[in-house]
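Chemist: here's my sequence, what's the structure:
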Amino acid sequence: MIIAENINDAFSCLCGQVLEHGKRKTVRGKTVLELEPLLVRIDKPNERILLYNERRNNPFAALYETLWVLSGSDSVEYLKFFLPRAPEYSDDGETWRASYGKRLRFASGWDDKVGRMWLVDQIMNVYQWLKDDPTTRRAVMTIWDPVKEGTIKETRDRPCNNWIQFMIRDHKLNCYVTVRSNDLFFGYNVNTFEWTWLQETLAKALGVGLGKYYCFISNPHIYEEYKEKVEKCVEASYLEDLLLFDVDADHNISLPTLPVYDKLDVGFYRKLLEPIHKMIDEGVIAFDGNNIQKYLALFICWKTVGRELFTKSYSQIMKKLPLTDMKVAAHFYFNRQLKRSKDVAVAYKEVQNGQYNLNGELPQA
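Modeler: Down below sits the predicted model:
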């Protein structure tokens, strides 16, 4: 078992393991390096944002996809704005057939006893079971649907994450996830973000502490075409990346984390995303929402308005946001983007060699 402090520690351990012990296989025409099944435990699941600069992580995509899952959606209409590759995993170009959100929020099944079809919100079920009996071992959600998967031969989208359990022990909520196949470089960190977010949300709603996150992966792997990038991540250290910033960084660093909600109902998340979708549709950016909405609005601003206007908005908005791992990840992300845009990079008078001052004045346009 791999025991990790947070997502960054887990990511580094997994990448190192697959480089050292991975066996080369050809799967569906692509070469992968794969490991034997393994179990990963993360002791601080709230530290869920990947901060490896070499990984080129998009924290906005992970944040939006998590809220999208909790909203019960299967549409890629807005998901593709944050995750451009989303349509590649769609059979019809409009939906994800095996959307985690839809299968969790709108699980369906025929009941022979009463002769009718049931529609179940698994997240709310789990909450109620844990509230009624904090010692229960039955708070389980399933994503793999044997009927849906057994009645279609060809599809671009079969769920990789299949089974999720929550259990309260020592007044803390633990989460247990089973994954049939996991791309350690691209998929692991996003899935970890989603399920630990749900874990913390459930813990808040139940009034208990946040426990540990366990993930069993039957087939952990990386695609060989990304091996060089994985090697760079293993050679680097996210703590070294943090030292580029004016943040006290050492081996005991623990940045404040982006707070999650304590709401579980599907309607809350649909309403939360309404102004985000409106901004995408109309191209009118508003920063009057909560901090999570502000981060998503900032990304929309980056994608839709002129770069000079973006730098002004960036400076104004980031000054108002508290220091969290999400703020650091946003700095990493936009710094990487601006380095590819020479006409915009000059607008950042305080950015030199990737150095920012997070605790003082932010980069000015």
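Chemist: now for Glu282, how many residues are close by?
Modeler: Around Glu282 there are 10 other residues, counting by other C-beta atoms under 10 Å. Heads up, the C-betas are built off the backbone N, CA and C, glycines and all.
Chemist: for it, report the pLDDT, please.
Modeler: The pLDDT attached to Glu282 in the predicted structure is 92.
Chemist: which residues touch Pro220?
Modeler: Contacts for Pro220 (C-beta atoms under 8 Å, 6 or more residues apart in numbering) come out as Leu14, Gln17, Val18, Glu34, Leu35, Pro37, Leu38, Asn182, Leu184, Tyr188.
Chemist: again with Lys263
Modeler: Taking C-beta under 8 Å, 6+ apart as the definition, contacts of Lys263 comprise Thr201, Ala205, Tyr269.
Chemist: can you count the residues close to the closest residue to Tyr64 other than its chain neighbours?
Modeler: Leaving aside its chain neighbours, Tyr64 sits nearest to Phe82 (4.3 Å; criterion: C-beta to C-beta, 6 or more residues apart in numbering). The local packing of Phe82 (other C-beta under 10 Å) involves 21 other residues.
Chemist: for Tyr100, see how far away Phe82 is.
Modeler: Counting by C-beta to C-beta, to the nearest Å, the gap between Phe82 and Tyr100 amounts to 16 Å.
Chemist: wait, which of the contacts of Lys263 is closest to Glu54?
Modeler: Proximity of those to Glu54 was ranked by C-beta to C-beta; the top entry is Thr201 with 29.9 Å.
Chemist: three-state assignment of Pro256?
Modeler: coil (DSSP: H, G, I helix; E, B strand; the rest coil).
Chemist: alpha carbons only: can I get stretch 284-304 in CSV?
Modeler: These are the backbone C-alpha positions of stretch 284-304, laid out as CSV (Å, rounded to 0.1, in the frame of the first residue of the first chain):
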residue,chain,number,x,y,z
VAL,A,284,-20.4,38.8,-20.1
ILE,A,285,-18.1,38.1,-17.2
ALA,A,286,-19.3,38.8,-13.6
PHE,A,287,-17.2,38.4,-10.5
ASP,A,288,-20.0,38.9,-8.0
GLY,A,289,-20.4,35.3,-6.9
ASN,A,290,-18.7,33.3,-4.2
ASN,A,291,-15.0,32.5,-4.3
ILE,A,292,-15.5,29.2,-6.2
GLN,A,293,-17.6,31.0,-8.8
LYS,A,294,-14.9,33.8,-9.0
TYR,A,295,-12.3,31.2,-10.0
LEU,A,296,-14.5,29.8,-12.7
ALA,A,297,-15.3,33.3,-13.9
LEU,A,298,-11.6,34.1,-14.1
PHE,A,299,-11.0,31.1,-16.4
ILE,A,300,-13.9,32.1,-18.6
CYS,A,301,-12.5,35.6,-18.7
TRP,A,302,-9.1,34.2,-19.8
LYS,A,303,-10.8,32.2,-22.6
THR,A,304,-13.1,34.9,-23.9
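Chemist: which residues sit against it?
Modeler: Contacts of stretch 284-304 from elsewhere in the structure, counted by C-beta under 8 Å, 6+ apart, are 59-60, 63-64, 67, 81-82, 258-259, 272, 275-276, 278-280, 283, 305, 309-310, 313-314, 317-318, 320-322, 326, 330, 334, 337.
Chemist: equivalent analysis for stretch 140-157, please.
Modeler: Applying C-beta under 8 Å, 6+ apart, the set of residues contacting stretch 140-157 from outside is 88-91, 96-98, 100, 103-104, 107, 109, 122-123, 125-126, 158-159, 161-165, 180.
Chemist: quick check: mean pLDDT of it?
Modeler: Across stretch 140-157, pLDDT averages out at 95.
Chemist: one more: stretch 221-236?
Modeler: Per-residue pLDDT values over stretch 221-236 give a mean of 92.
Chemist: how much space between the residue nearest to Val305 when sequence neighbours are not counted and Tyr100?
Modeler: Of all residues beyond its chain neighbours, the one nearest Val305 is Ile285 (6.7 Å), with distances taken as C-beta to C-beta, 6+ apart. Spatial separation of Ile285 from Tyr100 under the definition C-beta to C-beta is 29 Å.
Chemist: buried stuff in stretch 208-225?
Modeler: Taking 16 or more other C-beta atoms under 10 Å as the neighbour-count basis, stretch 208-225 is seen to contain the buried residues 208, 210-217, 219-224.
Chemist: show the end-to-end separation of that stretch, please.
Modeler: Criterion C-alpha to C-alpha, to the nearest Å; first-to-last residue distance in stretch 208-225 is 43 Å.
Chemist: can you check stretch 123-140 too?
Modeler: Across stretch 123-140, the straight-line distance between its terminal residues is 9 Å, by C-alpha to C-alpha.
Chemist: tell me which strands whatever helix or strand Leu119 lives in pairs with, and in which orientation.
Modeler: Counting by DSSP states H and E, the element that carries Leu119 is strand 116-120. Applying DSSP bridges to the sheet, strand 116-120 is found paired with strand 107-111 (antiparallel).
Chemist: now the strand it pairs with: buried residues?
Modeler: For strand 107-111, the buried set under the neighbour-count rule, 16+ other C-beta under 10 Å, comprises Ala107.
Chemist: please apply the same query to stretch 161-169.
Modeler: Residues of stretch 161-169 classed as buried under the neighbour-count rule (16+ other C-beta under 10 Å) are Asn161, Asn162, Trp163, Ile164, Gln165, Phe166, Met167, Ile168.
Chemist: which outside residues touch that stretch?
Modeler: Residues outside stretch 161-169 that contact it (C-beta under 8 Å, 6+ apart) are 100, 126, 130, 134-137, 139-144, 173-180, 191, 195, 199, 202, 206, 208, 211.
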